[in-house]
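Enquirer: show me the folded form of this:
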Amino acid sequence: MDSSTTHAAPPILPSTSTTNMPGYTIPLLQLLFGASALSRSTTLNLFALALGSYWLCFLGIHHPQGPWTRVYTMGCTLISVFLKTLSSRWLMSENEFQRRGKDKNDDGDDGKKEGKSSKKSWKQWVFDVIEIGFGSARGIGWNFQIRNVPPAPSPTTPRLQFAAKQLVSAAINLLLVDLSYWHLRHFSSVTAEPIAPLTSQPLPLALFNAWLIYIQAYWVMSALFSVVAAITVPLHIYPPSAFPPLFGSFAHAYTMKRFWAHTWHQMMRSIQLPYTAFLVRKLNLDERKKSTYWVKVCVAFFFAWLVHAYGTLISGGGLTCDFWRYAPQVLAFWVEEKVIEVGKKMGCKGRKWRVLGYLWVFVFNGCTLLAWFAPPAAQRAYIKHPLGFSVVDKIMK
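Expert: Next comes the predicted model:
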């Protein structure tokens with residue numbers, strides 16, 4: 001393949017309207033979300049919801065113009081901010097938007113826990129609004145912090161040492177992105193014309209390539225996360241403990257349940273948990289019953305479907321691919337549970353059996369990814385190199 005096609009821009013999706021959503025809309029909504037959550041202002045919250053509703057409907061009818069990935073990401077972000085804005089005022093308490101307490105300082109002294117009565121300066125309030133609006137996907141350091149977050153670095157970790165490790169981690173992740181794109185460019189038809197779906201390849205290679213595309217998000221998001229950490233920690237904006245890894249270890253991923261609960265990022269939890277808790281309360285469900293657990297699982301994957309399906313919808317990809325990505329996950333949880341129960345009764349215990357679990361996760365998750373990645377290929381939207389340049393290409397020449 002000619003190297004000139006390596007970084008060619010993906011095709012632009014057509015729009016049914018001459019009006020595109022202004023670029024400042026989503027950042028504005030994120031600021032409104034943060035401000036309304038902290039101030040508990042009903043007026044501000046309703047204004048944010050009205051603005052978000054307008055653009056959700058507008059983009060749902062008049063698909064925006066732009067590259068497939070950008071449009072898709074914009075849609076997912078827009079509906080995520082809307083859902084968090086809605087729950088922050090009407091489903092969550094004021095206490096949930098209080099800080100858990102300041103981390104230990106560099107000398108190891110305990111910080112004081114921030115109470116409701118403590119007064120903030122306007123600068124601190126603005127800083128908190130920005131943090132809630134843009135950086136609170138997991139609620140780190142706040143009372144609504146989600147569970148299953150990977151262990152955080154110690155707050156006494158030397159800041160420059162921490163920053164250096166983060167920069168090395170970012171460089172490694174970006175190199176892996178580059179290597180994965182090189183592989184896709186040579187062993188798939190999703191990076192340049194002529195486009196062909198992954199399913200046109202032999203199944204083992206198709207599954208491997210689907211995983212590779214998926215894990216590119218892991219590497220890119222982790223690299224960006226590391227760069228932010230490397231900048232803000234030495235400047236004393238955040239302590240090292242504010243940056244637990246964005247993803248968990250793949251060593252946990254020997255079941256689909258553990259993959260979603262420990263390995264993959266947990267950022268969807270902060271969106272769905274308030275709605276799940278509200279539903280459980282309204283239906284008077286007993287938290288101790290297994291049926292309540294399955295309700296929670298179904299609601300969690302419903303919101304995962306909702307957020308991603310809206311991004312696919314405004315990209316012109318319909319709704320079914322996201323359904324086949326997330327709906328089967330509930331069935332997978334049930335199948336795993338029954339198989340593990342039978343295995344334990346048969347005496348199949350020990351780490352050696354995890355090999356079958358890893359194979360199961362690779363095949364099952366890979367098959368749902370093949371369905372998920374179908375719309376971009378159908379729309380001739382190929383994958384652009386995330387970095388815009390390739391070190392590997394130059395080495396291989």
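Enquirer: and the residue minimising distance to the centre of the chain, how far from residue 150?
Expert: Nearest to the geometric centre of the chain sits residue 267, at 5.1 Å (CA atoms, centre = their mean). The span separating residue 267 from residue 150 equals 13 Å under the rule CB to CB, to the nearest Å. The C-beta positions use only the backbone N, C-alpha and C, and glycine is treated the same way.
Enquirer: where in the stretch 51-200 of the chain is pLDDT low?
Expert: Applying pLDDT under 70 to the stretch 51-200 of the chain picks out residues 101-118.
Enquirer: would you map the helices across it?
Expert: Applying DSSP state H, counting those that start in this stretch to the stretch 51-200 of the chain gives helices spanning 68-90, 122-135, 159-187.
Enquirer: rebuild those as TSV, extending it with mean neighbour count and distance to residue 380.
Expert: Conversion of the helices of the stretch 51-200 of the chain to TSV gives the following (neighbours: other CB atoms under 10 Å; distance: least, CB to CB, whole Å):
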stretch	mean neighbour count	distance to residue 380
helix 68-90	21	9
helix 122-135	16	33
helix 159-187	17	16
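Enquirer: format those helices as a markdown table; extra columns: distance to residue 284.
Expert: Below are those laid out as a markdown table (distance: least, CB to CB, whole Å):
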| stretch | distance to residue 284 |
| --- | --- |
| helix 68-90 | 20 |
| helix 122-135 | 31 |
| helix 159-187 | 46 |
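Enquirer: any idea which of the ones you listed gets closest to residue 287?
Expert: For the helices of the stretch 51-200 of the chain, proximity to residue 287 was assessed by CB to CB; helix 68-90 is nearest, at 19.5 Å.
Enquirer: quick one: work out the angle between that closest one and helix 122-135.
Expert: Between the axes of helix 68-90 and helix 122-135, defined by axes from the mean of the first three to the mean of the last three CA atoms, to 10 degrees, the angle is 130 degrees.
Enquirer: chain center to helix 68-90, what's the gap?
Expert: Distance of helix 68-90 from the chain centroid (CA atoms, centre = their mean, to the nearest Å) equals 12 Å.
Enquirer: same check on stretch 265-273?
Expert: Using CA atoms, centre = their mean, the offset of stretch 265-273 from its chain centre is 8 Å.
Enquirer: what does it contact?
Expert: 80, 83-84, 87, 136-139, 144, 146-149, 221, 246-247, 299-300, 302-304, 307 (CB atoms under 8 Å, 6 or more residues apart in numbering).
Enquirer: and the buried ones among these, selectable in PyMOL?
Expert: To isolate the buried members of those in PyMOL, using 16 or more other CB atoms under 10 Å:
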select buried, resi 80+83+84+87+136+137+138+139+144+146+149+246+247+299+300+302+303+304+307
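Enquirer: wait, what's in contact with residue 325?
Expert: 305, 308, 368, 369, 371, 372.
Enquirer: isn't the first one right up against residue 321?
Expert: Just to be clear, that refers to residue 305. No. Look at residue 305 against residue 321 with CB atoms under 8 Å: they stay out of range, at 10.3 Å.
Enquirer: how about the strands in the stretch 1-150 of the chain?
Expert: For the stretch 1-150 of the chain, the strands defined by DSSP state E, counting those that start in this stretch cover 12-13, 66-67.
Enquirer: just checking, what packs against the last one?
Expert: Yep, that's strand 66-67 we're talking about. Contacts defined by 3 or more CB pairs under 8 Å, 6 or more residues apart in numbering; DSSP states H and E place strand 66-67 against strand 12-13.
Enquirer: what is the mean pLDDT for the strand it packs on?
Expert: For strand 12-13, mean pLDDT rounds to 55.
Enquirer: same thing with stretch 378-392?
Expert: 77.
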